[in-house]
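Participant: Please work out how this folds:
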Amino acid sequence: MKLYEYNAKNIFKKGGIPVGEGYIAKNPEEAQEAASKIKKPVALKSQVLVGGRGKAGGIKFAETPKEALNVSKALFSTKLKGETVETILVEEKIKIKKEYYLSVIMDRTNRKPLIMASKEGGVDIEELAEKNPERIVKYHLNPLDEFLPYQAREIAIKMGVENPLVSKMGSIIWMLYGVFNKYDATLAEINPLVLTEDSILAADAKLDVDDDALYKHRELRELEEYKKEEFAYVKLDGDIAVIGNGAGLTLSSMDMLKLYGGEPAVFLDIGGGASQENIEKALNLVISDGDVKVVFLNVLGGITRADDVARGIVNVQNASKRKVSLVIRLTGTNEEEGQRILTEAGVSFETSMESAARKAVELCME
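Facilitator: Numbering: from 1, shown residues only. Alright, predicted model coming up:
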């Protein structure tokens, strides 16, 4: 379960992590009122569950409440990677001196939580890991042992932060792990953690919680994200995202990829009656994952109509800024119409799962 930034920040704040003053707006008038309360220039941040919202135009700034009203009107009328903007977080615009990166993630390969920290924040961490891996401090934890404050300070020292900040940075690292552990998270991330003239605070917040642990966290089940969960989504270690309509078909698609030498990056079941909008959301979700090089979409239309699937594919193909190879197997209800839509848009497709899986692996190896 992915949390919106404002809910993640509320949880971080309860865990002792400093965050900026901010208010939620559900319409332009509320955005104007929030800016009036803050009495300073503000950032208006679209609350969506996809990555790259800043580059996609989902974060804007306003100097006055009146400007906040006008800017928010534009944000509320847009879609970001298939998601409609229904909520905006209005925060004080921060004067940043320095940006850092912090995260705690469940390392499934080593079966341990992994803290990652860097003096370089506000960047694509996957790109930084690929080009300059030495700039990221990695620290595995034994989940059976207590994580102590001095260990967090050691991480801060290894990051290379200035001596006066070591204690503050260590405290935030320690508290971030506390949130990760308390809420059974798979990811707790601050990017960027920012240094200002008089404080250090989380300018952004991500929190992903293990679905199987939600029964223990009533407060999370009461959030709107829980009600809006639409997909069965599992992050894996490969580079080919697999989307199917039905768990059995999706698992079979993954088996077929493995047979031809591929490695799944994502399991995503859109369900048996997926709409065009669901297809767009699913595709945008996996395309925003930096580990994904190829998307294998396998749809056997029953209740799901092939023409709806095709329209969703074409819309995402035209709108997405990050270009990822799509391999599509599309058969079933309205398949002729769906295949016609794809052909006219110049999008290739397969009718055989075997040939589609083989093609996905070949594209990934190019």
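
Participant: ranges for the helices of the chain?
Facilitator: Counting by DSSP state H, the chain has helices at residues 5-14, 28-38, 65-76, 125-131, 149-159, 166-182, 218-221, 224-227, 247-259, 276-287, 306-319, 335-344, 353-365.

Participant: just these: most buried one?
Facilitator: helix 276-287 (a mean of 23; mean count of other Cβ atoms under 10 Å). Any C-beta I mention is one placed from the backbone N, CA and C, and that applies to glycine too.

Participant: What does the pLDDT read for Lys228?
Facilitator: In this prediction, Lys228 carries a pLDDT score of 60.

Participant: Apologies, that question was intended for Ile270.
Facilitator: pLDDT at Ile270 comes out at 87.

Participant: Can you give me the distance of it to Ile243?
Facilitator: 6 Å (Cβ to Cβ, to the nearest Å).

Participant: go on, Arg322?
Facilitator: 16 Å.

Participant: Settle it for me: which of these two has more neighbours?
Facilitator: Ile243 (27 against 15; other Cβ atoms under 10 Å).

Participant: The more buried one and Gly261: what is the separation?
Facilitator: Counting by Cβ to Cβ, the gap from Ile243 to Gly261 is 20 Å.

Participant: before we move on, what about Leu44?
Facilitator: Taken as Cβ to Cβ, the span from Leu44 to Gly261 is 46 Å.

Participant: Which among the helices of the chain is found nearest to Glu21?
Facilitator: Set against Glu21 and scored by Cβ to Cβ, the helices of the chain come closest in helix 28-38, at 6.0 Å.

Participant: Leu44 and Gly261: which is more packed in?
Facilitator: Leu44 (27 against 11).

Participant: so what pLDDT did that one get?
Facilitator: 97.

Participant: now swap in the one 10 residues further on and tell me
Facilitator: Confidence per residue is given as pLDDT, and for Gly54 that number is 83.

Participant: quick one: contacts for the nearest residue to Leu195 once chain neighbours are set aside?
Facilitator: Excluding the flanking residues, the one nearest Leu195 by Cβ to Cβ, 6 or more residues apart in numbering is Lys98, at 4.1 Å. Residues in contact with Lys98 (Cβ atoms under 8 Å, 6 or more residues apart in numbering) are Lys119, Val194, Leu195.

Participant: ok, the first one touching Tyr100?
Facilitator: Yes: contact status for Lys119 versus Tyr100: in contact at 6.0 Å, counting by Cβ atoms under 8 Å.

Participant: shared neighbours, those two?
Facilitator: Listed contacts common to Lys119 and Tyr100 are Met159, Val161; contacts here mean Cβ under 8 Å, 6+ apart.

Participant: the more surrounded of those two?
Facilitator: Tyr100 (24 against 16).

Participant: beta partners of that one?
Facilitator: Bridge pairing for Tyr100 (DSSP bridges) gives the partners Leu193.

Participant: Surely it is in contact with Glu189?
Facilitator: No: applying Cβ under 8 Å, one finds Tyr100 not in contact with Glu189, separated by 11.7 Å.

Participant: gap between Asp184 and Tyr6?
Facilitator: Asp184 is 20 Å from Tyr6, by Cβ to Cβ.

Participant: Check Lys131 too.
Facilitator: 32 Å.

Participant: low-confidence ranges in the stretch 51-200 of the chain?
Facilitator: 123 (pLDDT under 70).

Participant: give me that answer again for 90
Facilitator: 51-57, 77-84, 108-109, 120-135, 143, 197-198 (pLDDT under 90).

Participant: and the residue lying closest to Gly178 once chain neighbours are set aside, how many neighbours does it have?
Facilitator: Excluding the flanking residues, the one nearest Gly178 by Cβ to Cβ, 6+ apart is Gly15, at 5.6 Å. The local packing of Gly15 (other Cβ under 10 Å) involves 18 other residues.

Participant: Just the pLDDT for Gly15.
Facilitator: Gly15 is given a pLDDT of 96.
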